[in-house]
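**Student:** next input, structure requested:
(one chain, ligands or ions: 1)
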Amino acid sequence: MIPMLETRDLAAVYGGNRALAIPHLAVAAGELVGVVGANGAGKSTLVNSLLGWSRGRPRISGEVTLAGEALSHLPSFERVRKGLLLIPEGKLVFATMSVEDNLLAVGGQLLGDRRRAYALDDIYDLFPGLKERRGHLGAQLSGGERQMLGIARALRLGPRALLLDEPSIGLAPRLVATVLATVKQLAADGLAVLLVEQNVRAAIEVVDRLVLIERGSIVAQGPAGAMRDDPRIAEAYLGAHAT
Ligand SMILES: Nc1ncnc2c1ncn2[C@@H]1O[C@H](COP(=O)(O)OP(=O)(O)OP(=O)(O)O)[C@@H](O)[C@H]1O
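**Tutor:** Okay, the predicted model is just below:
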């Protein structure tokens, strides 16, 4: 099986400091992989480097493939066109446009290769709250609604793989569950999803596989069920204590 998204020897160096060194990471179509780790572990650097970009312009090296096609030589906007979509922390929503205009502002282009650009109706089915607020301005939305709109706008572009950087940040617990359930639905619809989350307790409920990053390296990974019992996860992130 060819993974939908795969990277080899992905590294990011700021000045002389290596912030990321990932020998191999792959996400299959239909799979939801969670990336967790402490502040500064390199989670954002990982998802940004897959797009060939990061704040502060690190030197990025390594291979990235999407549906078997090499992307490493392409600039970020070309990677987006190929279907590698990042939803960064902070969302990317136009504040002075209505929800519907935010959605209509992207997408609509013809996509080959069995890629699915979500139509407005598909999006409203997935996010009923956005349908209710279709006439509201971006600036009037709650944090959770903005997060949903950010994801919805990426869906308009026909993603093959979605990279989500902390979609639950700043959200009330009830909304965290809603957002993550929607993310799980997107993987079930066939997308490859890489989800960076600080909220390990919530993430482990939805992901298929969990990857733990420390100081830019993968130090543990495995199926969610097994990782729940890994002492590095249980003690540091789930509040369990060794007996
Ligand atoms: N602009 C920058 N200039 C220099 N070093 C940076 C820069 N951005 C990140 N780094 C380095 O990369 C490391 C990883 O940062 P990154 O933002 O990827 O961590 P993170 O796991 O996403 O953390 P957080 O959860 O706090 O967002 C940091 O510890 C820092 O040393």
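**Student:** how about A26, secondary structure?
**Tutor:** When the structure is split into helix, strand and coil by DSSP: H, G, I helix; E, B strand; the rest coil, A26 lands in strand.
**Student:** nearest to the ligand: which residue in the protein?
**Tutor:** When distances are taken as CB to the nearest ligand atom, the chain approaches the ligand most closely through G56, which lies 2.1 Å from it. The C-beta positions use only the backbone N, C-alpha and C, and glycine is treated the same way.
**Student:** ok, now which ones touch the spatially most central residue of the chain?
**Tutor:** Within the chain, one residue has its C-alpha closest to the average C-alpha position: by CA atoms, centre = their mean, that is L164, at 1.9 Å. The contact partners of L164, taken as CB atoms under 8 Å, 6 or more residues apart in numbering, are V47, L86, I87, I151, V183, V193, L194, L195, V196.
**Student:** now do D165
**Tutor:** For D165, the residues meeting the contact criterion (CB under 8 Å, 6+ apart) are K43, S44, V47, N48, L86, I87, P88, E89, V196.
**Student:** what's the answer for S168, then?
**Tutor:** Contact analysis of S168 by CB under 8 Å, 6+ apart lists Q147, L175, V176, V179, L180, E197, Q198, N199, A202.
**Student:** distance of N39 relative to I22?
**Tutor:** As defined by CB to CB, to the nearest Å, N39 lies at a distance of 18 Å from I22.
**Student:** which one's more surrounded, these two?
**Tutor:** Shown here are N39 and I22; by other CB atoms under 10 Å, I22 has more neighbours (22 against 6).
**Student:** give me the below-cutoff pLDDT ranges for the chain.
**Tutor:** For the chain, the stretches flagged by pLDDT under 70 are 1, 90-91, 108-111, 113, 240-243.
**Student:** all helices for it, in order.
**Tutor:** Listed from the start of the chain, the chain has helices (DSSP state H) covering 43-50, 76-82, 99-104, 120-126, 128-132, 143-156, 173-188, 200-206, 224-228, 231-237.
**Student:** what's the second one in contact with?
**Tutor:** Residues lying outside helix 76-82 but in contact with it, judged by CB under 8 Å, 6+ apart, are L50, L51, G52, W53, V64, L66, E69, L71, L74, L86, L157, R160.
**Student:** ok, now with 10 Å
**Tutor:** Outside helix 76-82, the residues that touch it by CB atoms under 10 Å, 6 or more residues apart in numbering are 48, 50-54, 64, 66-67, 69, 71-72, 74-75, 84-86, 109, 111, 113, 115, 154, 157-161.
**Student:** again, but for the fourth one
**Tutor:** In this structure, residues lying in contact with helix 120-126 by CB under 10 Å, 6+ apart are 99-100, 103-104, 107, 116, 118-119, 130-132, 134, 148-149, 151-153, 155-156, 182, 185-186, 189.
**Student:** picking that back up, any chance of the contacts of L164 in a markdown table, plus neighbour count?
**Tutor:** Below are these laid out as a markdown table (neighbours: other CB atoms under 10 Å):
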| residue | neighbour count |
| --- | --- |
| V47 | 24 |
| L86 | 22 |
| I87 | 24 |
| I151 | 24 |
| V183 | 25 |
| V193 | 27 |
| L194 | 26 |
| L195 | 28 |
| V196 | 24 |
